[in-house]
Structure formats: structure tokens, C-alpha cells
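Asker: structure for this input, please:
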Amino acid sequence: MSEVSDAEELRARRQLFRYVTGDLAVEYMAVMDLFTDSLLADLSAADIHERLTRAGLSLSPEDVEGRCDQLLAWGNLVKSVRDTRVTTIAAYLRSRARYQPSKLGGMVHRQVRDLMAEVNGVREVARELLGGMSDTLTAILSAAQDRDARPDQLAADVSTLFAAHQLFADSVSEFYGYLPTVLTRYDLAGEDYATFKTLLVDYVHLVSADVSRHAPTLAHLLAELDEHLEYILATLAPAAALQNVDGTAAKRSPGRVRSDWEALNAYYRAGGGRSKPDELRKATELALNQLLANAKRMLAAAGTGLSRHGDLLRLAQWFAVAADSDAHEIFDAVFGLYPARHLSAGPEEGDTGSAATSWWTSDPVDVPVSLRERGDRTARGRSSPVLDPGLEAVRLQMDADQEAADRAAASGELTSAGDLNGARLSPAARDILLELLASALAAGTMPTSSGELAVTSDPDLGVDLHVRATPGAATRCVSPDGVLRIDDVALSVHPLGAAAVDDDVDEAVSS
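Answerer: Have a look, this model is predicted:
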């Protein structure tokens, strides 16, 4: 019984879209526009007829009522429950049938209108929201840890967090949905290609840098928030829950149920799978690779390029203004469709026959590949061997695995050292330390007052860099190729998520 009900509900919802693709779609959409232009639309067929007439769409009152009845049958409209109060029978006959938009019908029409108004251009990614989301999550976590959250303030922070995340996720999806529409074009050349190259190399790199900087922080904060989630949900629980007519609970705002937080965690943390920031970095890599492939395609023919976009446009202009007889001649000349004739190039070409010799019976003439495919008469050497793509992929994977192992060993060397003052580090470990310091400086988390501690995390390496302000002191690290000295701070490296600084760092601070 439940499966039948679900199937009927699905069929009813598909009916909501029928007015968009029918033969009378323009008239149906004009009627629905009147109902979605205001919050509480309650119109009769006569009201609709008058407004459509003023808008320039001529429909008889009977046709208007027929359109409304059909929308009522599809579920886009519902009958109005307002009492009709009129003074004459004629006015009663005009107003007896009043309509209102249904919830789903209004939602569908607003989405249809948004789709119709959407342009095919690119949309900016709301990357500036990531920093604000980190601050909002920090405020929510602080209130949950202290157990002093004010319900109104907590509700505002949670709504702000989920609204910002939804806007960021939608903008990312639209932006990376736009890229394939341009990457698959083989007519990109000249200014078009330069513009798109700037978009990918500059803007995509900027987006990836912001995501790489903020996504680990968001994932770390969400992990800490897990143990306080019950307190947050209990604080946001309404005193009087809103219910539907059938007694079921009404749909709540984002962030009020556990499944919303689980979806947010999955977006930035992904558990055992791949998080959305990881997928974004992968999509960026694929887009840049395709950009390079297009560049190679354009440069493959000794600088002439393979794009015929401009040539084809010029040819189309010639056809547009040419007479029929001239158009035939232009077509034959451009595509080489003249009658095949066997011409003799002279004694040096050997016995190639005469003009009366048929190509079917004569010996074939060897034409170099560069001349046959690219029109290039330059003498060429031996062709380069074609690399096996499978072996090349294996080699690249082995290089990547070795690089990851080297970085893991270097980060392990840092965590083994703990307090870095006086530590002897390999060049690789020293370079990772400098990367962590650069991340702390870029994020603006360096401590300023004496004794203040700041922590910079790198989830990929699994380490935390603890930086404590120590005016007058310094951290000195020795490497085979030099000495690194950092004044006024005490540095130590610990495994990711370490709760406190080791005792040896405290001793370094006191000294």
C-alpha cells in the first residue's frame, strides 16, 4: 500500500511540470505569473482575464477558466476558501470560482522562472563565505563548550552557518558546471582562449587556495563539535513544535536536526571517502589539464593552429552575399572539389603517367605526412616513439607515492623532535616547518602577546604547529645546509589534535 501511495505521489508531482512544455505553455505561464507575483494571491477567472488583457494577452473568460481548471487538475492551483460576497447575481457568477497557488505549484513556477532568466555565463564562487563560516563555527563551539548558549543567538548562528554553506556549495556547483561547456569547445583561439586561460589559471587557483586554507579548519571545528551536538539540538528545540494537519512534524530550518549536521560533516570531512574540497581540487586539476591539452592542440601545427573558427566565419560571410553560381564556385575552390586530373610533374618524378592516365590504374604517389595533414613542407626527421600511457601513469603514481612517503617521514621527524629549539633537522623536515610557519602567517594566527599560544594544523600531514610568543628568546634549528633562527617565538610540533603543549616547550618558554 505504501509503495502504491509513493508511486501516486511521484506521478502527481511530475504533473506539476506539464504546463511548462505543453502547446499552451505561454498562456499557462502567464496565468501562473499572476499567482506568484504576490504572497497571498486569491484571484477569480474574471480577475485573471482583466489582468491578462491589460498585459496584452487576449484570452476569453471561458478560456481563462479552462486554463485555471486544468492547472487545478495538475495540482498547480487550489480552490480558494474565501467566502464570496457580492451584490448581484452576475458578480457572483464571475467570482464563484477563485483560485490560489498550491505550495508545490508556486515552488515549481518560481524555479521555472529562475531557470528561464538564468544566463549561460559564468557565476562567481562565494569563496569569501568560508572565513565567515569558520568564525561562526568557532562561536557555536565556544557557546556549546561553556554551556551558556542563548537560544536566539545560537539559532541565528546556526542559520547563518547553513545559509552560507548552501550559497557556497551552489556557487561552486554552478561554476564547475560551467567549465565543461567551454573546455569541450574546439574553436577556442586567440582572445577567447586567452580570456578563458585567465579564468582558469588565475580565478580557479584563487578559489582552490581559499578552499585549501579554510576547509581543514572547518573540518577540524566540525569534528570538535560532534560531542556537543546533542546540547545544540536540545537548545534549538522549539517550545511548541509546528505540525502539519496530519500530525506529522513540520519541516524545520537547516541545522535543527542531526541529519543536517551529518550532511555538513560529509561535505567537509567525508569520513572514509572523498570530501567535496578534495573533489574540487580534483576538478581543478582536470580543468587545467584540459586547458593544456587545448594549448597543445593549437600549437601542434608549427604555430599555425588547428582552429578554423575565423576561417569558417569568413566563409559564411562570403556565402551570405554571393549569388548561387558564385557560391558553387566558392564551394568548389574552398573544398577542392574540382574534377580529378592526373598531372605529370616532370622527369624527376619518374613515370607517373600523363593527363590521360587514370588514378585507378596508376601507381600511388607518396606524400609526406607533414605535407598531407598540415601543409608543412619543412623537412622532418624520424618520428618520436609514442610513450605507453599505462607505463607513464604507473611512473607518475610511483613518484607521487614516494613524495608522500618522504613528506610523512619528514613530518614524523618533526613530531619526534617536539620542542624545536636546538633540534637537528633534515632539509626536508626544515622545509615542512617553513610551510607550516607560512600557513600560520597567511592565516594571521601568529601570537602577539607574551605567553600567548597559537596552533596551526595540517590534516594532510597529521601535525599541529604550536607557536608561543616568547619575547627576547628564539627557536634555533640546525640542518646540514644551514641554521634556521626564529626570534621571539617558541616552536614545537605535535601529532594532530594534541590537547596541550609538552612540558619541554613550557621549559623553553620559561628559560
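
Asker: past the top strand by length along the chain, which element shows up next along the chain?
Answerer: Longest strand in the chain, counting residues (DSSP state E): strand 463-479. Following the chain from strand 463-479 toward its C-terminal end, the next helix or strand by DSSP states H and E is strand 482-495.

Asker: remind me what that next one packs against, helices and strands.
Answerer: helix 389-417, helix 427-443, strand 463-479, helix 503-510 (3 or more CB pairs under 8 Å, 6 or more residues apart in numbering; DSSP states H and E). Bear in mind the C-beta positions are built from the backbone N, C-alpha and C, glycine included.

Asker: do that again at 7 Å, thanks
Answerer: The contact analysis (3 or more CB pairs under 7 Å, 6 or more residues apart in numbering; DSSP states H and E) places strand 482-495 against helix 389-417, strand 463-479, helix 503-510.

Asker: what residues of stretch 22-36 count as buried?
Answerer: For stretch 22-36, a neighbour-count test (16 or more other CB atoms under 10 Å) marks E27, Y28, A30, V31, M32, L34, F35, T36 as buried.

Asker: mean neighbour count, the helices and strands packed on strand 482-495: which tops it?
Answerer: Highest mean neighbour count among these (mean count of other CB atoms under 10 Å): strand 463-479, with a mean of 18.

Asker: and that one, what does it pack onto?
Answerer: Using 3+ CB pairs under 7 Å, 6+ apart, the elements in contact with strand 463-479 are helix 389-417, helix 427-443, strand 453-458, strand 482-495, helix 503-510.

Asker: so how far is the first one from its chain's centroid?
Answerer: Pointing back at helix 389-417 there. Computed by CA atoms, centre = their mean, to the nearest Å, the chain-centroid distance of helix 389-417 equals 29 Å.

Asker: hmm, back to that, now for the helices and strands packed on strand 463-479, which one comes closest to A266?
Answerer: Nearest of the helices and strands packed on strand 463-479 to A266, taken as CB to CB: strand 453-458 at 20.1 Å.

Asker: where are the low-confidence patches of the stretch 101-250 of the chain?
Answerer: In the predicted model of the stretch 101-250 of the chain, residues 118-122, 182-193, 195-196, 199-201, 239-250 satisfy pLDDT under 70.

Asker: all helices of it, in order?
Answerer: With DSSP state H, counting those that start in this stretch as the criterion, the stretch 101-250 of the chain has helices at 103-117, 129-146, 151-183, 191-198, 205-225, 229-236.

Asker: between the ones you listed, which one is nearest to A442?
Answerer: Nearest of the helices of the stretch 101-250 of the chain (CB to CB): helix 205-225, 7.0 Å.

Asker: show me what counts as buried in the closest one.
Answerer: 207-208, 210-211, 213-222, 225.

Asker: circling back: ok, which of the helices and strands packed on strand 463-479 comes nearest E65?
Answerer: Per CB to CB, nearest to E65 of the helices and strands packed on strand 463-479: helix 427-443, 64.0 Å.

Asker: where does that closest one sit relative to the chain's centre, distance-wise?
Answerer: 29 Å.

Asker: contact partners of that helix?
Answerer: 213, 406-407, 410-411, 413-414, 446, 454, 456, 458, 461, 465, 467, 477, 479-481, 484 (CB atoms under 7 Å, 6 or more residues apart in numbering).
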